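**Q** Sequence plus the predicted model coming up.
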Amino acid sequence: PAGTGAVASNVQTKLRESVSVKDFGATGDGTTDDTAAIKLALTYGTGKVILFPSGVYIVDGSLLELKSETTIIGYGATLKLKAGTYATTQYFLGTATGITYDAAISRFKNITILGIEIDGNISNVTLTGSAGCYGINIYQTDLSVVRDVIIKNLAGTSGTGYGLVFSYSSNITADNVTIDRTDRQNIIVWETLDANIVNCSLKDSYFRECILISSNSPVSYQNSYARINGCKCDNTLNPTTDTHVVRFSGFGSGIIESCEILGSTNAVAQVEGIYIVNGVDQRVTIANNRIKNCYSAIFIETTASGKDALISGNDIFDCTNGIRINATIDNISVCNNFVTVTDSPLYINGAFYQNISGNSFSGGSVASSIINSSSGGLGATVVNGNLWESITSASYVVLISATGVVPVVSGNTVANSTANIIKSVPNSIFVGNTGGVVDGVATSGVIVKRSTTANRPTLGSTDIGVLFLDTTLDADGKPIFWTGTAWVDGTGAVV
């Protein structure tokens, strides 16, 4: 080759850097079974680039086994499962069958799959018993890339087949992968670290989620961590009950951002949008997603102490419930989300440190509930700068319950609701809220409100310390305090 520093070579050496499956007898004619020829090419091409020229390659469902340092390039090529009835699980490309950890197996590395299409031929294939179908199975592999790949029409209804699997692996990427119709998950990240799932289009996971980030319990090899960005996850056709669009479970954690999450419109299925359960290993971040048609847009129920969750900038609409958190983790931040629902906009129970700020909650028939059961003086509840509107709950718009902490409720607005009221526990601090915040609030809290003398709250002997900014006494609001029997100013004079 020309160029400074280029190493001399010859035509034969360059040609041997890659092989074509057609060199080994594959036809790609859409009718001939090309399985044997492809396997010969994969064996000879270990450590090389293996080319699949354009065409439809019929395969028999036995594993097309990949080895380390191998690249598959198949732009314009399709692997299609032979028509028939199968009693065992069917495979296309992968390093192994199944996803059971085996420490005795040597690890694979540097496997790349580019541009190929995998077609499960669902209209002409029947799977019996517990048989499933795997598209690509990357097992115990370090450094793997699957890019510009299409996986579609994988048969099965037993919950034992997957579109794209990364298990017991690390440093993997799925980029611009399209998956349409799998038996179980579209993509599963199982005991795999540093997984990157970007710009993927995922649809119709018959039995479960579009994406699962998880591990065995107890963990066999390692926890899972994934970054999911810019994906469309559409589970609108899922017919099963209590499933999800994206799930973090076991000891799976990570980041999901800038994705479109579509749940099922099936009222029976009640598909959750982003669901986190069991013990997350690290922080979970859910940011800037668009979530629609879900029973609960975001649902966290976990007992992972020492961890935290950030829920920020999401657009949630046409869902039954908005954000639901029932978790004993350390920190929860719910910030700058837009939530429009028909039932409950927000429910938080757990987390020592709670920050609910800058959100817009609209619609729903159930009051938002914020519960903090911290003890020993640890923890905090801050509810700041939120808007609640068009809530039809008869009693309250927001109900705050806290033990061992003093909630700070500031700068919030409640409007156009049946009961424009925020109710909190005694000793809460209320600053600069608008709407019907004070009326109906437990009056033994520390309430800061700016209004006229005529609008001073009616208090009792146990309400010592309540602060009121009286605009009749001073246009800017003169601070006065309730002693238990009277209002006094800063000098102690009754006013």
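**A** Sure thing, it's come through. Numbers count the residues shown, from 1 in each chain.

**Q** Give the residue spans of this structure that score low on pLDDT.
**A** For the chain, residues meeting the criterion pLDDT under 70 lie at 1-17, 265-267, 279-281, 303-306, 375-378, 426-427, 435-448, 462-465.

**Q** which helices and strands does the longest helix out of those in the chain pack with?
**A** When the chain is parsed with DSSP state H, its longest helix is helix 35-44. For helix 35-44, the elements it packs on are strand 18-20, strand 55-59, strand 64-65, judged by 3 or more Cβ pairs under 8 Å, 6 or more residues apart in numbering; DSSP states H and E. Bear in mind the C-beta positions are built from the backbone N, C-alpha and C, glycine included.

**Q** Identify the residues contacting it?
**A** 19-21, 23-27, 50, 57-60, 62, 64-67, 70 (Cβ atoms under 8 Å, 6 or more residues apart in numbering).

**Q** same check, this time on stretch 210-226
**A** By Cβ under 8 Å, 6+ apart, the list of residues contacting stretch 210-226 from outside reads 101, 103, 168, 170, 179, 185-197, 202-203, 228, 231, 233-235, 245-255, 278, 281-282.

**Q** Kindly tell me how buried Ala367 is, as a neighbour count.
**A** Using other Cβ atoms under 10 Å, Ala367 has 26 other residues around it.

**Q** hang on, the earlier thing: buried members of the contacts of helix 35-44 into PyMOL, please.
**A** Applying 16 or more other Cβ atoms under 10 Å to the contacts of helix 35-44 leaves a buried subset, and the PyMOL line that selects it is:
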select buried, resi 19+21+23+24+26+27+50+57+58+59+64+65+66+67+70
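
**Q** sorry, back to before: next, the angle strand 55-59 makes with the longest helix of the chain.
**A** 100 degrees (axes from the mean of the first three to the mean of the last three Cα atoms, to 10 degrees).

**Q** how far is the helix or strand that comes right after helix 35-44 from where the chain is centred?
**A** Remark: after helix 35-44, the chain's next helix or strand is strand 49-51, criterion DSSP states H and E. Distance of strand 49-51 from the chain centroid (Cα atoms, centre = their mean, to the nearest Å) equals 35 Å.

**Q** Equivalent analysis for stretch 238-254, please.
**A** Mean-position distance between stretch 238-254 and its chain equals 8 Å (Cα atoms, centre = their mean).

**Q** Between its first and last residues, how far does it reach?
**A** 24 Å (Cα to Cα, to the nearest Å).

**Q** Stretch 371-386 now?
**A** End to end - Cα to Cα - stretch 371-386 spans 17 Å.

**Q** now swap in stretch 344-351 and tell me
**A** Using Cα to Cα, the two ends of stretch 344-351 sit 19 Å apart.

**Q** before we move on, back to that, nearest to Ser264, of the helices and strands packed on helix 35-44?
**A** When these are compared by Cβ to Cβ, strand 55-59 sits nearest Ser264, at 32.4 Å.

**Q** list the buried ones in the longest helix of the chain?
**A** Buried residues in helix 35-44 (16+ other Cβ under 10 Å): 35, 37-42.

**Q** Only alpha carbons, please: show it as PDB.
**A** Provided in PDB are the C-alpha atoms of helix 35-44 (Å, rounded to 0.1, in the frame of the first residue of the first chain):
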ATOM      1  CA  THR A  35     -26.000 -23.400   7.400                       C
ATOM      2  CA  ALA A  36     -23.100 -25.800   6.700                       C
ATOM      3  CA  ALA A  37     -21.300 -23.400   4.300                       C
ATOM      4  CA  ILE A  38     -21.700 -20.500   6.800                       C
ATOM      5  CA  LYS A  39     -20.200 -22.600   9.600                       C
ATOM      6  CA  LEU A  40     -17.200 -23.500   7.500                       C
ATOM      7  CA  ALA A  41     -16.600 -19.800   6.700                       C
ATOM      8  CA  LEU A  42     -16.900 -18.900  10.400                       C
ATOM      9  CA  THR A  43     -14.400 -21.600  11.400                       C
ATOM     10  CA  TYR A  44     -11.900 -20.700   8.800                       C
END
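
**Q** Spit out the contact partners of the nearest residue to Val425 once chain neighbours are set aside.
**A** Leaving aside its sequence neighbours, Val425 sits nearest to Ala402 (Cβ to Cβ, 6 or more residues apart in numbering; 5.3 Å). Counting by Cβ under 8 Å, 6+ apart, Ala402 makes contact with 370-374, 381, 424-425, 428.

**Q** Double-check Ala394 against Thr418; I have them as touching.
**A** Yes: under the criterion of Cβ atoms under 8 Å, Ala394 makes contact with Thr418 at 5.8 Å.

**Q** what sits against the residue nearest the centre of the chain?
**A** What sits nearest the mean C-alpha location of the chain, by Cα atoms, centre = their mean, is Ile274, with 4.1 Å. The neighbours of Ile274, taking Cβ under 8 Å, 6+ apart as the test, are 244-248, 256, 261, 286, 289, 291, 297-299.

**Q** One more: Ala103?
**A** Contacts for Ala103 (Cβ under 8 Å, 6+ apart) come out as Tyr221.

**Q** got it, and the one 5 residues further on?
**A** Contact partners of Phe108, counting by Cβ under 8 Å, 6+ apart, are 66-68, 95, 139-142.

**Q** Helices - which of the residues you listed land there?
**A** Nothing among the contacts of Phe108 maps onto helices, per DSSP H.

**Q** out of those residues, who's nearest Gly161?
**A** Lowest distance from Gly161 to these (Cβ to Cβ) belongs to Tyr139, with 15.1 Å.

**Q** For burial, what's the neighbour tally of the residue nearest to the closest one when sequence neighbours are not counted?
**A** Leaving aside its sequence neighbours, Tyr139 sits nearest to Ala96 (Cβ to Cβ, 6+ apart; 4.1 Å). Using other Cβ under 10 Å, Ala96 is surrounded by 21 other residues.

**Q** With Asp102 as the reference, measure out to Ala96.
**A** Separation of Ala96 from Asp102 (Cβ to Cβ, to the nearest Å) stands at 8 Å.

**Q** so Lys232 makes contact with Leu202?
**A** Yes: counting by Cβ under 8 Å, Leu202 is a contact partner of Lys232 at 6.8 Å.

**Q** circling back: redo the helices and strands packed on helix 35-44 as a markdown table? Include distance to Gly460.
**A** Below are the helices and strands packed on helix 35-44 laid out as a markdown table (distance: least, Cβ to Cβ, whole Å):
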| stretch | distance to Gly460 |
| --- | --- |
| strand 18-20 | 85 |
| strand 55-59 | 80 |
| strand 64-65 | 78 |
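
**Q** thinking again about what came up before, which stretch of helix or strand covers the residue nearest to the centre of the chain?
**A** strand 272-277.

**Q** repeat for Phe299
**A** strand 296-301.

**Q** In the sheet, which strands lie alongside the helix or strand following that strand, parallel or antiparallel?
**A** Sequence order places strand 308-312 as the next helix or strand after strand 296-301, per DSSP H and E. Strand 308-312 has the following strand partners under DSSP bridges: strand 284-287 (parallel), strand 331-335 (parallel).
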